[in-house]
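Novice: when you get a sec, could you give me coordinates for this:
(chains A and B)
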Protein chains: 2
Amino acid sequence: MSNPVVVEVLRGDRVESSHRGAGAVVDADGRVVLAFGDVERPVYPRSAVKALQALPLIESGAADRLGLTDAEIALACASHSGENAHVALATAMLRKAGRDESALECGAHWPLGEAAARALARSGRRPSPLHNNCSGKHAGFVCLACAQGIDPGGYVSPDHPVQRAVTEALAVATGTSLGEENRAIDGCSIPAYAIPLRALALGFARFATGRGLSAGRARAAARIRAAVAAHPSVLAGQGRFDTQVMTRLGARAFTKTGAEGVFCAALPELGLGLAVKADDGGKRAAEVMIAALLRRYGGFGQALDRFVAPPLRNWNGVVVGALRPAGPLG
Amino acid sequence: MSNPVVVEVLRGDRVESSHRGAGAVVDADGRVVLAFGDVERPVYPRSAVKALQALPLIESGAADRLGLTDAEIALACASHSGENAHVALATAMLRKAGRDESALECGAHWPLGEAAARALARSGRRPSPLHNNCSGKHAGFVCLACAQGIDPGGYVSPDHPVQRAVTEALAVATGTSLGEENRAIDGCSIPAYAIPLRALALGFARFATGRGLSAGRARAAARIRAAVAAHPSVLAGQGRFDTQVMTRLGARAFTKTGAEGVFCAALPELGLGLAVKADDGGKRAAEVMIAALLRRYGGFGQALDRFVAPPLRNWNGVVVGALRPAGPLG
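Specialist: As a prediction, this is how the structure comes out:
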């Protein structure tokens, strides 16, 4: 059975491209509010679960022991653009752990943000692991280890105490069993576990409400949500979807993109978790999918219209087409 | 009826993402050698037909009258990376037409090539229309007008003599009727016409052989093929698919990428034209599709293996997965 077409790309009034996908909206009791496509097939959520992977950093007391700020906690959940502010936060986190960028095991890449990449090029410097969009998550892992007197070396390995704690938090929130049989390697070298969209949506419903989590973990989730809502520019960067949407919606929503067309979100006031994936891994499709679902369930009026049906402009600024939700999202 | 899955993206041994698509291999008599998916639905070929759009520049005698070099002719067919060499060629073409970059109506964007974009940023300059990946095609349009004493102003309009000539060449080669009913606007502001993949493949079979074209147009096609084969680095740029494949295959093949997952190619010795489109517009999928077809029909041994099944590496250089052709291409 193939997943339905969920996003169409129009040029003029003709469909130029189309994206198939699946998605689920689930409440904290596991009730499926909406499901389209195959939501039981395990998919790699990639960076979309960084907020769940950050739970041990808060719950363990490591963040408090090292005096992490809300902005730094937000960076631990971010796929950031590598702007100066992001690099400064990651540097500060590592310093609080008594380390520097040499502790990061994520590898280096040019900043995701085009302006940030060009600014770095203009400065004549090369990217470091601090510019990696995952550097905040990794700095958080280093903080989690150091605050507990554990050697952070090798923290990307599935058997390291840091990854054991992170995997346990992810497994409990999503109600799944995560082991070698559903594990691969992520872009930043940590384990990537495949999890069904329904379970991911459940994880974010629990993250949104604390229901189904221990008291300490529920408090950690609330603190992470507040930290990200207060620092939407930390979560992604200038012009990026997460930052723009969170800036508009604040604590009423939580959104987080993942590579390969995954998007997760939470609506705390409504107690709902959302998870979608575009079959083909398309980022533009995942953004339209999650925006359409947030608009449908969140009651945000027109605040999300421009994300649900973004126009396509050519190099002269002329509108030549648009994206639009289709099928179960149309 | 949905198109089949044609490319799979693996992370570990699990399929993380998949691409559906359609494609056709056709000979110059219109015989369909292979078709998968819907090859009769009109799709926008975008930049994949630049070589057909360049036919009037040669056939009219404009290129000879202005003394265009083979490298400049190759640039007229290019979606280039905006490297210094590309910018210099576009500048030279315009100078031969007695014009400068102010004659270009394509709009400006940062160079497609990441290294070129960073080099431009490092220099402290901003992109001009010369950096637009289509600047060679547009410079060719300006040359076509000026060599015939026609004002190039407004050459992107469907009613301008340049676009009339270009559209006629495209319509004849592909055996289609191109008018307002299947027209939209391309990224560089010229008309974008929707054409079935079967007809696009026929167009490239004719381009490959000259069969079905007038004698003058057949000679123009041969000259374009030779020019591109001699200058593969002009066609795209450092590290890009077209440049790498054409460098390996030379005159035995012609390949050209288009936006939104379209790819066209020709095998002159075999008299075949090829056209594919990934439904979702994915570039990586189109590259695997055309590489798989070129390998199957071209008899190139292992020269294309790395393009048919490229490994995926993470930021630490670790192989974490791979792309592979699937379904009718598997």
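
Novice: tell me which residues touch A:V245, please.
Specialist: Counting by C-beta atoms under 8 Å, 6 or more residues apart in numbering or on different chains, A:V245 makes contact with A:253, A:255, A:291, A:294, A:304, A:307. Placement of C-beta: from N, CA and C, glycine included.

Novice: what residues of the strand or helix carrying it count as buried?
Specialist: Using DSSP states H and E, the element containing A:V245 is helix A:241-249. Neighbour-count burial for helix A:241-249, counted by 16 or more other C-beta atoms under 10 Å in any protein chain shown, picks out A:241-246, A:249.

Novice: likewise stretch A:23-31?
Specialist: Using 16+ other C-beta under 10 Å as the burial criterion, the residues of stretch A:23-31 that qualify are A:23-28.

Novice: which parts of the stretch 201-330 of chain A sit against chain B?
Specialist: Applying C-beta under 8 Å from any C-beta of the partner chain, we find that the stretch 201-330 of chain A lies next to chain B at A:260-261, A:278-282, A:285, A:314-318, A:320-321.

Novice: repeat that for 6 Å
Specialist: Contact residues, the stretch 201-330 of chain A versus chain B (C-beta under 6 Å from any C-beta of the partner chain): A:260, A:279-282, A:314-316, A:320.

Novice: as JSON lines, the residues you listed with neighbour count and distance to A:S157 would be great.
Specialist: Output for these, formatted as JSON lines (neighbours: other C-beta atoms under 10 Å in any protein chain shown; distance: C-beta to C-beta, whole Å):
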{"residue": "A:E260", "neighbour count": "24", "distance to A:S157": "23"}
{"residue": "A:D279", "neighbour count": "28", "distance to A:S157": "31"}
{"residue": "A:D280", "neighbour count": "29", "distance to A:S157": "31"}
{"residue": "A:G281", "neighbour count": "23", "distance to A:S157": "26"}
{"residue": "A:G282", "neighbour count": "25", "distance to A:S157": "31"}
{"residue": "A:N314", "neighbour count": "20", "distance to A:S157": "47"}
{"residue": "A:W315", "neighbour count": "19", "distance to A:S157": "46"}
{"residue": "A:N316", "neighbour count": "16", "distance to A:S157": "51"}
{"residue": "A:V320", "neighbour count": "19", "distance to A:S157": "48"}
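
Novice: residues near A:P158, how many?
Specialist: Applying other C-beta atoms under 10 Å in any protein chain shown, we find 16 residues neighbouring A:P158.

Novice: so it is in which element?
Specialist: A:P158 belongs to no helix or strand, assigned by DSSP H and E.

Novice: relative to chain B, how far out is the residue nearest to it when sequence neighbours are not counted?
Specialist: In space, and not counting its chain neighbours, A:P158 is closest to A:P191: 4.7 Å by C-beta to C-beta, 6 or more residues apart in numbering or on different chains. A:P191 is 10 Å from chain B, where distance means C-beta to the nearest C-beta, to the nearest Å.

Novice: report the beta-bridge partner residues of A:P191.
Specialist: A:I185 (DSSP bridges).

Novice: just the pLDDT for it.
Specialist: As predicted, A:P191 sits at a pLDDT of 98.
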